[in-house]
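got a sequence here, can you build the structure:
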Amino acid sequence: MSTTPLRKRRPTGELYTRTAETRAKLSELLALSRDELISRCGIRRRDDPLYVPSECILYFVRVSRADNSSRHFERLYTTLLERVLRRLPRAESPDGKTRSLTKERIREKVSSRLAELLASDRQTYCEKLDYFEVRFDGALANLRRDAQEQAWREERRSESIELDGETGELSPEVECAAGSFNPFDPAVLDDIRYRSRLDAAIDTLPPEQSRIIEMLRLGIPIDSQNPEAITIARVLNRAEKTIRLQRDKAFAALRVELTRRVER
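Numbering: from 1, shown residues only. Model (predicted):
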């Protein structure tokens, strides 16, 4: 059984290709049953002869979309995410007495970004994941670096739009700003100048709000009655109410930012 080729191209025009070691390992793993594969993927020691490289686990996560088996995808995805989290700095101190908020944010941002990429790949092929199949550790290091820079920026930046201090709900000012505003209104989305302003405005949002907006843009629902559906709430591991709250805050901020950009 042959493997699915990658699609991303290098600046020279050449297609990304998996390493010879990865191709050889995939040929071996393709002969296993699903349960055998899951068992092998759970091995943690890299010096174990049965160890499955992360590049290979990711390959099976991606091709599982063709199987229409959410359970198989979730088992593989959970295994991959657990491996990723083990390679990130722990938020707790060695003695368990203190907790680093910055490291906690880095862990959350890396796992959320990977989940976002995989959710996008379930909808339509995501070329950004191809590099992970070529050199997973290098791609993960890039995610970690980006997450660290974002966490540092967040520490220096205060939120311009806040929740009501007493109720924990959106303040009247935020609700008024959000209103019935839809940044993806088809009536304006065809305007290339509007899309350019929208992209720039989204870049000003806090990371989680930006992820929510981008997933909404991809057509991923906030929640679903279908337990097998990919939703924003499940990808980000947040309550539906929390996602809707962050969406409304993001819509309010986008409306303000887009208005500013038109007036400039």
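
residues contacting residue 201?
Residues in contact with residue 201 (C-beta atoms under 8 Å, 6 or more residues apart in numbering) are 183, 253-254, 257-258, 261. Glycine gets a C-beta too; all of them are placed from N, C-alpha and C.

now do residue 13 against residue 3, distance only.
22 Å (C-beta to C-beta, to the nearest Å).

hey, which helix or strand in this structure has the poorest pLDDT?
helix 172-178 (a mean of 53; mean pLDDT, DSSP states H and E).

show the subsequent helix or strand relative to it.
Where DSSP states H and E defines the elements, the next helix or strand beyond helix 172-178 is helix 186-189.

list the buried residues in the next helix or strand after that following helix.
Next in sequence after helix 186-189, counting helices and strands by DSSP H and E, comes helix 192-202. By 16 or more other C-beta atoms under 10 Å, the buried positions in helix 192-202 come out as 194, 197-198, 201-202.

could you pull up the mean pLDDT of helix 192-202?
Regarding helix 192-202, the rounded mean pLDDT is 87.

in the next helix or strand after that helix, what's buried?
With elements assigned by DSSP H and E, the helix or strand that comes after helix 192-202 is helix 207-217. Residues of helix 207-217 classed as buried: 207-213, 215-216 (neighbour count, 16+ other C-beta under 10 Å).

show the buried residues in the contacts of residue 201.
Among the contacts of residue 201, the ones that count as buried by 16+ other C-beta under 10 Å are 183, 253-254, 257-258.

nearest to residue 102, of these?
Checking the buried ones among the contacts of residue 201 against residue 102 by C-beta to C-beta gives residue 253 as the nearest, at 23.4 Å.

so what's the closest residue to residue 125 other than its chain neighbours up against?
Spatially, and ignoring its direct neighbours in sequence, residue 125 is nearest to residue 7 (6.3 Å; C-beta to C-beta, 6 or more residues apart in numbering). Shown in contact with residue 7 (C-beta under 8 Å, 6+ apart): 15-16, 125, 127, 130.

out of the buried ones among the contacts of residue 201, which comes closest to residue 93?
residue 253 (34.8 Å).

that closest one reaches residue 205, doesn't it?
Yes - the pair residue 253 / residue 205 is scored as a contact, 6.1 Å apart, by C-beta atoms under 8 Å.

part of a strand, is residue 43?
No - counting by DSSP: H, G, I helix; E, B strand; the rest coil, residue 43 is not part of a strand but coil.

pull the number of nearby residues for it.
13 (other C-beta atoms under 10 Å).

could you do the one 5 residues further on as well?
For residue 48, the neighbour count with other C-beta under 10 Å is 10.

ok, now residue 10?
Residue 10: 9 surrounding residues under other C-beta under 10 Å.

in contact with it, which residues?
Contacts of residue 10 by C-beta under 8 Å, 6+ apart are residue 16.

backbone dihedrals for it, please?
The phi/psi pair for residue 10 (degrees, to the nearest 10) reads phi -80, psi 170.

go on, the one 4 residues further on?
Here is the backbone geometry of residue 14 (degrees, to the nearest 10): phi -80, psi 140.

now do the strands in the stretch 1-150 of the chain.
In the stretch 1-150 of the chain, no segments count as strands under DSSP state E, counting those that start in this stretch.

how about low-confidence regions in it?
Of all residues in the stretch 1-150 of the chain, those with pLDDT under 70 make up the ranges 1, 68-69.

show me where it has helices.
20-29, 34-41, 54-63, 70-86, 101-123, 130-134, 136-156 (DSSP state H, counting those that start in this stretch).

list the helices and strands the last one packs on?
Packed against helix 136-156, as judged by 3 or more C-beta pairs under 8 Å, 6 or more residues apart in numbering; DSSP states H and E, are the following elements: helix 54-63, helix 101-123, helix 130-134.

same check, this time on the shortest one
In terms of contacts (3+ C-beta pairs under 8 Å, 6+ apart), helix 130-134 is packed against helix 54-63, helix 136-156.

at 10 Å what do you get?
Counting contacts by 3 or more C-beta pairs under 10 Å, 6 or more residues apart in numbering; DSSP states H and E, helix 130-134 packs against helix 20-29, helix 54-63, helix 101-123, helix 136-156.
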